[in-house]
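**Student:** this one's structure only:
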């Protein structure tokens, strides 16, 4: 518990574990109501002069530092307006897999890009103001994706103060230094925006490919950016499964549109142009859907199991029961239910293995049975995950497992508290919960019913976690490494007594959607970032890793937690096995 004084108000604010959110980088974040309190050290503190200059670009959607926090009469942080509506970072929606699962439509992406462009234009209209570090971590979105919020504006360039940060992945490498300072411009901001908007449309960084002239360099993406060898170059090779390809089908206007012409001029012809004015006008977009065909090969046996009405976004299996969720419907018990909530998950009762569709609405538990009944229960929950047929809920500082009583065809949910967490510092991923406890990363898994195991994982200390998943003793994360500026995939396996773990790190993978499952026999099957099939056991310290290269393996073959192994590709469900 620490008290701070808000400068100019002599108001004391108490910051403690109940309002702590995250720690890392240059400070710690707390939230009380609709106000963020960023606590830092005097050496990392933004100057009061820069805070004053940033006021000029402040809007509802551009979040700037506001009031200085004092401790022992010295500046130790500042306040900001909190982004409303349980926001997510823009980086979350970049992978195609996330968009498929959450039902995000291309039209929503177009609107987000337009709002980002308008925000950058506004910043530039105020004089000598530049965004400079317009990377994917510096935007926040409400769950509805209806708005874009600009954050981390303390690093912006203002008339008096230079920018103090830029991520390598959006940097304009043509900008040179003069008198020890990089000469960033509105055109370099436009370059960064071009990279990020292309990423949003296509789900791939425009320089995340392999070109014959650069593929043997250590930092491939940076080499591609400096040489202007983008994915628009016909010689560049890249995985097409986990992205939106062909690009012209997903970039508004196609090859004749202003977007494509702008990207081609920047990424291929080495030119620099400002954000086109046409972005402000209405954009008529035609999105062409390409149907995938998946078949067996010399190494793999692949068989179509069933075709559904639309893309599959979720698969749940428990014993002899299967539930499949698509963009429109939920299939199970030989019935089809209309999908009521994009965040719905599925659990199964212990007694009769009855499948239930579960979601949270207005912080209340909603259960839907396959007879069509939808009931709201007096059980508070802000977040819900499903693992191995079980449902886990967060309510404030408590994680509970959902139990059921089945009486006379009626199902009554009960909660069993199994873990305590820091409310605002807790994030629930697929089968795993992560807490940032004042800079220490704690991971919780639930390997069996009624069981909770927690680990302090030092390997995650330098990472901002983007995605996570646990399945049968294999835990994976995709994280942004704050030291290297790259995204890595981290793989953990636990000892049989759940006391220790091993760790393997796949470095510089780009922003990826985790795509793996672990069979009941303990074999982990992962489709990696290069569209290769990676096989290894779930046993700690087992060094066996096999990589299978097969032209029929694509990144949009989303592996299901099932027995035997299955995968979903668009609206079809397949079985897959080695020959």
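**Tutor:** Received it, and whenever you're ready, just let me know what you need. Every value quoted in this text rests on a predicted model; they were computed, and no experiment measured them. Residues are numbered from 1 along each chain as shown.
**Student:** From here on, just use CA atoms for contacts and neighbour counts.
**Tutor:** OK.
**Student:** what ranges of the stretch 351-500 of the chain fall below the confidence cut-off?
**Tutor:** By pLDDT under 70, the stretch 351-500 of the chain contains no weakly predicted segment.
**Student:** residues near residue 563, how many?
**Tutor:** Close neighbours of residue 563, defined as other CA atoms under 10 Å, add up to 15.
**Student:** show me the contacts for it.
**Tutor:** The contact partners of residue 563, by CA atoms under 8 Å, 6 or more residues apart in numbering, come to 519-520.
**Student:** Residue 366 is in contact with residue 374, isn't it?
**Tutor:** Yes: look at residue 366 against residue 374 with CA atoms under 8 Å: they come within range, at 7.0 Å.
**Student:** Which one's more surrounded, these two?
**Tutor:** Taking residue 366 and residue 374 together and counting by other CA under 10 Å, residue 366 has the greater number of neighbours (20 against 14).
**Student:** The more buried one belongs to a strand?
**Tutor:** Yes: looking at residue 366 with DSSP: H, G, I helix; E, B strand; the rest coil, it is inside a strand.
**Student:** Who is it paired with across the strands?
**Tutor:** With beta bridges defined as DSSP bridges, residue 366 has these partners: residue 359, residue 376.
**Student:** Would you mind measuring from residue 363 to residue 405?
**Tutor:** Counting by CA to CA, to the nearest Å, the gap between residue 363 and residue 405 amounts to 22 Å.
**Student:** How about residue 267?
**Tutor:** Distance from residue 267 to residue 405, counting by CA to CA: 60 Å.
**Student:** Neighbour count for those two, which is higher?
**Tutor:** Set side by side, residue 267 and residue 405 give different neighbour counts by other CA under 10 Å, the larger being at residue 267 (24 against 13).
**Student:** Count the neighbours of the closest residue to residue 56 other than its chain neighbours for me.
**Tutor:** Using CA to CA, 6 or more residues apart in numbering and skipping residues adjacent in sequence, the residue nearest residue 56 is residue 126, 7.3 Å away. Burial of residue 126 is recorded as 13 neighbouring residues (other CA under 10 Å).
**Student:** quick check: longest helix of this structure.
**Tutor:** Using DSSP state H to assign secondary structure, the helix with the most residues in the chain is helix 106-125.
**Student:** what sits up against that one?
**Tutor:** Residues from elsewhere that reach helix 106-125, judged by CA under 8 Å, 6+ apart: 57, 62, 129-131, 145-148, 186, 193, 197, 200-201, 250, 252, 275, 279-280, 285, 287.
**Student:** which residues touch residue 71?
**Tutor:** Counting by CA under 8 Å, 6+ apart, residue 71 makes contact with 3-5.
**Student:** Now do the buried residues in stretch 150-159.
**Tutor:** For stretch 150-159, a neighbour-count test (16 or more other CA atoms under 10 Å) marks 150-158 as buried.
**Student:** Got the domain ranges for this protein?
**Tutor:** Here the domain assignment for the chain is 2-81, 88-280, 300-578, based on automatic domain parsing.
**Student:** Can you pull out the low-pLDDT segments for the stretch 1-150 of the chain?
**Tutor:** 1, 25.
**Student:** Is the residue nearest the centre of the chain in a helix, a strand, or coil?
**Tutor:** Within the chain, one residue has its C-alpha closest to the average C-alpha position: by CA atoms, centre = their mean, that is residue 92, at 2.4 Å. Applying three-state DSSP to residue 92 yields a three-state assignment of helix.
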